[in-house]
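S.K.: Starting from these lines, generate the structure:
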Amino acid sequence: MKARHRLLCALFLFAVAALAQRAMTVADVIAFVDSQIKLKGDDKATADFLQHIKLTQKLEIRDVEDLQGRGAGARTLQALRKLSEDSASLPAAPAPQVVQAPPPKPAPSAQEQAAILAAMREYALSYTKNLPNYVCVQTTRRRIEPTERGYLPQGDEVQELLSFVDGKETYKVEMVNGKSQPNLKHEQLGGVVTSGEFGRLLFSIFDPDSGSEFHWDHWATLRGKPMYVFGYSVPKSNGYSMYHGESKREYTSAYQGLVYADVQTKTVMRIKMETTGIPADFPIHEVNITLDYAPTKISDQEYVLPYHFELTSKEVRAETTNRADYKLYQKFGAEASITFGDIEPIPDDQLKEQPATAPQGAGQKAPPAGKKK
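M.R.: Have a look, this model is predicted:
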């Protein structure tokens with residue numbers, strides 16, 4: 001074993017020596033030293049290597065100082081300063097090329113924004129009316145992280161049959177942590193429980209009586225589709241209601257956030273919401289919601305339905321996260337064929353917003369509300 005170790009060392013030194021005989025650019029030297037810093041390479045070995053190279057360009061002292069700031073060792077710095085002195089008469093290294101980011105795509109004109117928002121509002125206000133009666137599996141993964149000593153983290157996974165009939169939804173708890181719970185009701189789950197956000201929140205934001213204000217925010221890409229993204233704010237008078245069970249206190253908060261709409265269809269595909277202005281003495285300090293929709297087939301017809309829901313809340317003694325996925329959609333009355341069990345969470349890459357791409361048709365005049373291309 002020792003002989004083999006000596007042989008490997010000899011081969012390594014031979015390889016280093018062969019490499020050291022080559023001329024190197026300033027960029028090569030900087031990249032080499034930088035890699036040795038990141039790999040925590042031996043300072044003496046790095047310096048020995050530098051002593052045997054031949055630069056083709058002038059090594060500026062500022063480059064040496066930059067490598068010193070990154071963590072180069074004392075012997076490495078000594079070798080670099082020697083290289084800087086020896087290369088003083090050589091031509092300067094070319095300045096690194098800076099890749100200019102393309103200029104941001106301009107926002108739609110005020111007229112276009114008004115037309116886009118009108119189409120989004122028409123869609124939002126009629127959303128639940130245009131949905132079929134259906135059932136699906138809602139899998140909610142809940143996590144509670146205490147912020148005070150003496151409490152342990154908690155978590156569970158709840159599977160429920162969500163039924164949507166004639167514009168109203170009901171929940172039937174089927175399993176908790178993989179065990180059947182035929183007699184447990186949705187309201188008895190404890191912790192943070194929610195219902196109705198996927199239709200109610202969308203309606204509330206766009207309801208003309210809510211007093212919502214909108215402004216252009218940015219372009220984005222979501223699951224490969226280009227999106228308009230508008231910011232919004234809703235006043236407290238039509239805000240988000242919260243109830244804290246332990247203190248039996250209720251509060252309605254103003255809220256704000258973002259709405260994402262498909263560039264081609266003006267269909268709302270994501271809502272982000274955060275509460276604002278909650279009094280300091282109220283037990284719930286903050287609530288944030290992200291609600292995603294996705295095209296889904298029911299009986300061979302496609303609808304835009306809830307895809308993923310995430311709620312985080314900060315309270316007096318803990319921070320809570322609920323992540324819910326909606327799968328196995330079927331026409332109402334076919335729930336007998338649904339099998340509950342292990343359902344994988346939606347991958348993070350399907351939930352992450354991507355930078356804006358050049359959307360097809362972007363920059364063209366938006367169609368009037370109520371009309372499609």
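
S.K.: Please enumerate the strands of this structure.
M.R.: 23-24, 54-55, 134-146, 154-165, 168-176, 179-180, 213-222, 225-234, 240-244, 249-262, 268-276, 284-298, 301-315, 318-331 (DSSP state E).

S.K.: now those as a markdown table including mean neighbour count?
M.R.: For every residue, glycine as well, the C-beta is placed using N, CA and C. Putting the strands of the chain into a markdown table (neighbours: other CB atoms under 10 Å) gives the following:
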| stretch | mean neighbour count |
| --- | --- |
| strand 23-24 | 14 |
| strand 54-55 | 16 |
| strand 134-146 | 20 |
| strand 154-165 | 18 |
| strand 168-176 | 16 |
| strand 179-180 | 9 |
| strand 213-222 | 17 |
| strand 225-234 | 20 |
| strand 240-244 | 15 |
| strand 249-262 | 19 |
| strand 268-276 | 21 |
| strand 284-298 | 18 |
| strand 301-315 | 18 |
| strand 318-331 | 18 |
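
S.K.: low pLDDT regions in the stretch 51-200 of the chain?
M.R.: Residue ranges of the stretch 51-200 of the chain with pLDDT under 70: 101, 188, 194-197.

S.K.: For it, which segments count as helices?
M.R.: With DSSP state H, counting those that start in this stretch, the ranges of helices along the stretch 51-200 of the chain come out as 61-70, 74-86, 110-125, 197-206.

S.K.: out of everything not next to it in sequence, what's closest to residue 155?
M.R.: In space, residue 155 comes closest to residue 143 once its chain neighbours are excluded; the distance is 4.4 Å by CB to CB, 6 or more residues apart in numbering.

S.K.: Cross-check the contact I'm expecting between the one you found and residue 191.
M.R.: No - using CB atoms under 8 Å, residue 143 makes no contact with residue 191, being 9.7 Å away.

S.K.: hang on, the earlier thing: of all the strands of the chain, which one comes closest to residue 353?
M.R.: strand 213-222 (5.2 Å; CB to CB).

S.K.: thinking again about what came up before, in TSV: the helices of the stretch 51-200 of the chain, plus distance to residue 45 and mean neighbour count.
M.R.: Shown next, in TSV, are the helices of the stretch 51-200 of the chain (distance: least, CB to CB, whole Å; neighbours: other CB atoms under 10 Å):
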stretch	distance to residue 45	mean neighbour count
helix 61-70	16	15
helix 74-86	9	18
helix 110-125	61	18
helix 197-206	60	19
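
S.K.: among those helices, which is nearest residue 344?
M.R.: Ranking these by their distance to residue 344 (criterion: CB to CB) puts helix 197-206 first, at 21.0 Å.

S.K.: sorry, back to before: I'd like the helices of the stretch 51-200 of the chain written out as CSV, with distance to residue 337 added.
M.R.: Shown next, in CSV, are the helices of the stretch 51-200 of the chain (distance: least, CB to CB, whole Å):
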stretch, distance to residue 337
helix 61-70, 61
helix 74-86, 68
helix 110-125, 31
helix 197-206, 23
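
S.K.: Understood, closing this out.
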